[in-house]
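Colleague: This is a predicted model, with the sequence first.
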There are 2 protein chains.
Amino acid sequence: MERETNYEDQRVSIGSFVLESGKVLEEVELAYERVGPKEAPVILVCHALTGNQYTVGRSEDGWWEGLIGHRKFVDTSEFQVITFNVLGGCNGSTGPLSLDPSRNRPYQADFPFVSVRDMVHSQKRALEALGIDRLHAVIGGSLGGMQVLEWGILYPDIMEHLVPLAVTPSLSAYGIAYNAISRHAITKDPEWRGGYYDHAHPPAAGLATARMIGMISYRTDEMFQKKFGRKVIGKPEDQHTEAAYDVESYLKYQGQKLVGRFDANSYLYLLKAMDHHDITRGRDGTSPIKKIKANVLAISFKGDLIYPPKDLENVFNLESMAQFYIVDTKYGHDGFLVEFEKWGPLIKERLKEPSKI
Amino acid sequence: MERETNYEDQRVSIGSFVLESGKVLEEVELAYERVGPKEAPVILVCHALTGNQYTVGRSEDGWWEGLIGHRKFVDTSEFQVITFNVLGGCNGSTGPLSLDPSRNRPYQADFPFVSVRDMVHSQKRALEALGIDRLHAVIGGSLGGMQVLEWGILYPDIMEHLVPLAVTPSLSAYGIAYNAISRHAITKDPEWRGGYYDHAHPPAAGLATARMIGMISYRTDEMFQKKFGRKVIGKPEDQHTEAAYDVESYLKYQGQKLVGRFDANSYLYLLKAMDHHDITRGRDGTSPIKKIKANVLAISFKGDLIYPPKDLENVFNLESMAQFYIVDTKYGHDGFLVEFEKWGPLIKERLKEPSKI
């Protein structure tokens, strides 16, 4: 990877912050990555559930480095790209791991519930603190896509382009179901201790189960079959606790891997924010989509189990706005993290377009 | 429900039984339900993972009473219907709950692994003990359908009809994945204790999580959306441990309900048998399907996430045998437990057909 010359890995303070619920968080900070020339137009990236601010990455690979970087589809020599770790996250932004200033100990389960709208408002405040009042585009998939939709509705006048990927206008019953099971697995792990666990003894088994549940929703049965088939790695009938099939080993590995890098409480708070995602929630009759003024490029992925393409297509079609694409893929939901050559060019072209506002 | 006049709820002993693994189970018993006139042709029903021998039912509703019973699609005045609780089950047949005669205590995790073929062979032995050597049909869905396929391959000369439903010739990587997560949830529950749990303190949370994981694979996203939508039953943002949405409450209820009626070890053994299901396993080159002599009526259900219709269709199409139907449904896999009017007539007609052998 070519080293990015303009790279910032920082936190920005936004002080006291009032949540949608009316609760107030004090001394709020958002951690961010900022890459590219400071004078260039700003592209804001919103990350997914287990993502973070390291979109482009430097010492480690960024999670979207196949899309964004020097001479990539989103070129960091033409644009500056900013990604905040979400409010409630566990990569440096204020969340359950942060010190509660009123009690001088980590919030843990005392952290207030946050919504996708809270994430967006806090990012707006953080951008102001950085002296940024105009965005060329807001881009993100999954939980990131939820933020993109809310950005367009809450702050319609400040961006030229919106690119929501692998998302729907509200989380479906099926999506809530997956989250509910993940939540059940974590909160029933005795190590969770009502959320007040010792950091040396997190609810590892529950979080691993939750991650495994996530993994099966992110890719299609076809992709699982192609990648793993019925390949045996142990004696299939040997015991209940060791992986017998390749696919089982893979899922367990993914579960363990997340435990090493993610806070279980943070996972729970973000699941709740996702459940709660519904662009019509608390908004009166007219479609909130109509508030969007930006050019919208909406991208869905074939076979996405939780975010069916038609749900994203329908909401924009109703208003005859947005260009909509379904990417033909075997990956399903995870399509927004792979095969950039299939859909990266759409974004590249879109970002060249002048503002309509 | 009209009371069945010929109803037997019994156990049959088959003595010492050698498993596919070479291990031997002593004093094996299979619990069964037998309904209908003793002189009538026999229809053997094979049950699914959390099913049992109470297909028709008497004091309680049978799980297939919409299909089978007096004047139903499978008419118990014309046929006698026998269902065994599977080997390894927990409803009266020899399984992890049974007394290990060599140690005079329940097997628990000492129970040997059993395969779908073991289930079939043990049922054959049990039928012999009951003096039955001829079957008019073998019918079953899901794990029951796996048994149906193996019945046709292992004992091709004794039945006229096979009706496998909602099944595939082998469990896919995606199917193994769901099972792996369920297994992870149970075995990581500290109450599981390596399988040697006190019956008063079973791994309830793990088994409930496993059941919830099963439930999301049994029905389609469309059905979840139709049934639950985003209906709120609590404060969505209130806490992590109480259900906020209707769908979450439903899943938790289903999880708890299974804990009350099913043994966690038994669940684990049956998951393993399912993982291991592959009609080609250990069999040489030619398609094992070719060994089947019975008339086959194969029925799949649209949107079945784990048992895709095309996989069942393909295996029979290759040999130009079997009639194959895809039932148009919103239920997905669970289609074989509902909407009997859609596909019950196919079975009714089929059972009228004379033998071709």
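Modeller: It's in. Computed from a prediction, not measured in an experiment: that's the story for all the values here.
Colleague: quick one: stretch A:246-265 near chain B?
Modeller: Yes: shown here: stretch A:246-265 in contact with chain B (C-beta under 8 Å from any C-beta of the partner chain) through A:246-248, A:251-252, A:255. Quick note: C-beta positions are derived from backbone N, CA and C, even for glycine.
Colleague: Which of the helices or strands spans the residue in the stretch 1-150 of chain A positioned nearest to chain B?
Modeller: Ranked by C-beta to the nearest C-beta, the top residue of the stretch 1-150 of chain A for proximity to chain B is residue A:113, at 3.8 Å. Under the criterion of DSSP states H and E, residue A:113 resides outside all helices and strands.
Colleague: For it, grab phi and psi.
Modeller: Per-residue torsions, residue A:113: phi -70, psi 140 (degrees, to the nearest 10).
Colleague: Could you do residue A:120 as well?
Modeller: Per degrees, to the nearest 10, the backbone of residue A:120 is at phi -70, psi -50.
Colleague: Just give the closest residue to it, not the sequence neighbours.
Modeller: Closest residue in space to residue A:120, ignoring its immediate chain neighbours: residue A:150 at 4.7 Å, by C-beta to C-beta, 6 or more residues apart in numbering or on different chains.
Colleague: now residue A:229
Modeller: residue B:173 (5.8 Å).
Colleague: pretty sure the one you found is touching residue A:228, no?
Modeller: Yes: using C-beta atoms under 8 Å, residue B:173 is in contact with residue A:228, at 4.1 Å.
Colleague: okay, the residue nearest to residue A:120: pLDDT?
Modeller: Predicted confidence (pLDDT) for residue A:150: 98.
Colleague: Mark which of the residues of stretch A:246-265 next to chain B are part of helices, please.
Modeller: Using DSSP state H, the members of the residues of stretch A:246-265 next to chain B that fall in helices are A:246-248, A:251-252, A:255.
Colleague: What subset of those residues is buried?
Modeller: A:246-248, A:251-252, A:255 (16 or more other C-beta atoms under 10 Å in any protein chain shown).
Colleague: Can you pick out the most distant pair from the residues you listed?
Modeller: A:246 and A:255 (15.1 Å; C-beta to C-beta).
Colleague: any idea how far residue A:26 lies from residue B:238?
Modeller: Per C-beta to C-beta, to the nearest Å, residue A:26 is found 22 Å from residue B:238.
Colleague: Over to residue A:19?
Modeller: 14 Å.
Colleague: out of the two, which sits in the busier spot?
Modeller: Higher neighbour count among residue A:19 and residue B:238: residue A:19, with 19 against 12, using other C-beta atoms under 10 Å in any protein chain shown.
Colleague: tell me the secondary structure for the spatially closest residue to that one that is not a sequence neighbour?
Modeller: Of all residues not flanking residue A:19 in the chain, residue A:118 sits nearest, at 5.1 Å (C-beta to C-beta, 6+ apart). Three-state call for residue A:118 (DSSP: H, G, I helix; E, B strand; the rest coil): helix.
Colleague: List the contacts of residue A:118.
Modeller: A:17, A:19-20, A:87-88, A:273 (C-beta atoms under 8 Å, 6 or more residues apart in numbering or on different chains).
Colleague: Go again with 6 Å.
Modeller: Residue A:118 sits next to A:19-20, A:87 when contact means C-beta atoms under 6 Å, 6 or more residues apart in numbering or on different chains.
Colleague: What pLDDT does the model give the most centrally placed residue in chain A?
Modeller: Central residue of chain A (C-alpha atoms, centre = their mean): residue A:48, 1.3 Å from the mean position. At residue A:48, the model reports a pLDDT of 98.
Colleague: follow-up on the earlier one: name the residues contacting each of residue B:173 and residue A:228.
Modeller: residue A:247.
Colleague: Report whether residue A:184 is found in a helix, as I expect.
Modeller: Yes: assigned with three-state DSSP, residue A:184 falls within a helix.
Colleague: Quick check: which element contains the nearest residue to it once chain neighbours are set aside?
Modeller: Leaving aside its chain neighbours, residue A:184 sits nearest to residue B:209 (5.6 Å; criterion: C-beta to C-beta, 6+ apart). Using DSSP H and E, residue B:209 falls within helix B:204-218.
Colleague: How about residue A:146?
Modeller: Using DSSP H and E, residue A:146 falls in helix A:143-154.
Colleague: Could you pull out the buried residues of the next helix or strand after that helix?
Modeller: Next in sequence after helix A:143-154, counting helices and strands by DSSP H and E, comes strand A:159-165. Using 16+ other C-beta under 10 Å as the test for burial, strand A:159-165 gives A:159-165.
Colleague: what does stretch A:103-119 give?
Modeller: A:106-109, A:111-119.
Colleague: now, the most widely separated pair of these?
Modeller: Taking C-beta to C-beta, no two of these sit farther apart than A:106 and A:117, at 24.7 Å.
Colleague: ok, now which ones touch the closest residue to residue A:114 other than its chain neighbours?
Modeller: Take residue A:114 and drop its neighbours on the chain: the residue closest to it by C-beta to C-beta, 6+ apart is residue A:88, 4.4 Å away. Contacts here follow C-beta under 6 Å, 6+ apart; on that basis residue A:88 touches A:95, A:114, A:269-270.
Colleague: and with 10 Å instead?
Modeller: A:25, A:94-96, A:98, A:107, A:111-115, A:118-119, A:122, A:263, A:265-270, A:272-273 (C-beta atoms under 10 Å, 6 or more residues apart in numbering or on different chains).
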